[in-house]
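Undergrad: Just to be clear, the model below is a prediction. Sequence and coordinates:
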Amino acid sequence: MNRIDTDAPPGKRSFALRSGKKIYEGYNAERKVVGRKRKEKQRLGYEAFSGDFSRANNDLPAEYIDKIIVGDSADTLKKLPDNCIDIVVTSPPYNFGLDYDSHRDTDTWHAYFDALFAIFEQCIRVLKYGGRIVVNVQPLFSDYIPTHHLVSKFFIDRGLIWKGEILWEKNNYNCKYTAWGSWKSPSSPYLKYTWEFLEIFCKGDLKKPGAQTDIDITEDEFKLWVNAKWSIAPERDMQKYGHPAMFPEKLVLRALKLFSYRGDIVLDPFNGAGTTTLTARNFGRKYLGIDTSEQYCATARRRIKDSGGVFL
């Protein structure tokens, strides 16, 4: 049997050729999985990987609420109780070789991931049951290290549920170079990408409880943002804040509105110049930002103060 018109839109009829005769068929019916629910149960889905986490959530101690802390995140987070953070939104250094204030951004990959995962281990521990982790990451394509896959494997191996992946389309920002690899040859062409990734994970449950009155995403925002390709221009004021790798406020805003409620506690363990904490404060969330750089923490505090926040 030859299938014709396989790209017909939903609801349209398509046809197949059987014994030389054109026979119309329901396009949607052809693609329906028979016994879908039963087969989902057979596969177990995310439950095959999900860890057994405590459902008992705790309060974040008052001394850590709405604070920017200078220090190593792995050490600082160890002082927090289990299950006390609603959402982690972060963009760790990518090990690209950028000039950070207090971080050496060129390390062996094993050392890089060991340090990164030590912090993520603590993020998992302090995350509430039903909480979310959103990690903005970009692979180093020249090293052929699929960072986003390795980060995802880490969280899945530790029992978190992979909620999904968002492509942050930066509108050709990363293709302003002329590195082609093997020019006009299949020997080793260099692939170019105009996007970064947001990997999203849940702890214990795909559903996060919250009050209806604390939802602040609009109908139009929801319909647009669940389309998992976000076209957002990169941050243009990095020189102003003295930081070499900042993500834009719009990116954080979408993540917070789509995956958290007003009043939730937001953690960024790589807070840098403070985009996550600023956006959290401006949109009715509590926050905790941690960074090893005194300079970046001072910038993060100043941005909150300049926006009208009362910083203690």
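TA: Cool, got the structure.
Undergrad: Surely residue 225 and residue 254 touch.
TA: Yes: counting by Cβ atoms under 8 Å, residue 254 is a contact partner of residue 225 at 5.2 Å. Backbone N, C-alpha and C define where each C-beta goes, glycine included.
Undergrad: Who has more neighbours out of those two?
TA: Between residue 225 and residue 254, counting by other Cβ atoms under 10 Å, residue 254 is the more crowded of the two (22 against 18).
Undergrad: Show me the beta-bridge partners of residue 136.
TA: Beta-bridge pairing of residue 136 under DSSP bridges involves residue 198.
Undergrad: How much space separates the spatially closest residue to residue 182 that is not a sequence neighbour from residue 144?
TA: Nearest residue to residue 182, sequence neighbours excluded (Cβ to Cβ, 6 or more residues apart in numbering): residue 188, at 4.5 Å. Applying Cβ to Cβ, to the nearest Å, the value for residue 188 to residue 144 is 10 Å.
Undergrad: do residue 187 as well
TA: In terms of Cβ to Cβ, residue 187 sits 15 Å off from residue 144.
Undergrad: Can you show me the helices along the stretch 1-150 of the chain?
TA: Remark: helices assigned in the stretch 1-150 of the chain by DSSP state H, counting those that start in this stretch are 27-30, 36-43, 73-77, 109-126, 147-157.
Undergrad: could you dump those helices to JSON lines with mean neighbour count and mean pLDDT?
TA: JSON lines is the format used below for the helices of the stretch 1-150 of the chain (neighbours: other Cβ atoms under 10 Å; pLDDT from 0 to 100):
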{"stretch": "helix 27-30", "mean neighbour count": "13", "mean pLDDT": "52"}
{"stretch": "helix 36-43", "mean neighbour count": "10", "mean pLDDT": "79"}
{"stretch": "helix 73-77", "mean neighbour count": "19", "mean pLDDT": "96"}
{"stretch": "helix 109-126", "mean neighbour count": "18", "mean pLDDT": "95"}
{"stretch": "helix 147-157", "mean neighbour count": "17", "mean pLDDT": "95"}
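Undergrad: Of all the ones you listed, which one is nearest residue 67?
TA: helix 73-77 (10.2 Å; Cβ to Cβ).
Undergrad: outside of the closest one, which residues touch it?
TA: With contacts defined as Cβ atoms under 8 Å, 6 or more residues apart in numbering, helix 73-77 is touched by 69, 115, 118-119, 121-123, 125-126, 269-270, 290-291.
Undergrad: Next, give me the two most distant ones among the residues you listed.
TA: Between any two of those, the greatest separation by Cβ to Cβ is 19.6 Å, found for 125 and 291.
Undergrad: so where's the stretch 101-250 of the chain shaky on pLDDT?
TA: Applying pLDDT under 70 to the stretch 101-250 of the chain picks out residues 101-106, 172-178, 235, 238-245.
Undergrad: where along it do the strands fall?
TA: Taking DSSP state E, counting those that start in this stretch as the test, the strands found in the stretch 101-250 of the chain are 127-137, 161-169, 195-202, 229-231.
Undergrad: and of those, who's closest to residue 32?
TA: Closest among the strands of the stretch 101-250 of the chain, once you apply Cβ to Cβ, is strand 161-169, at 23.1 Å.
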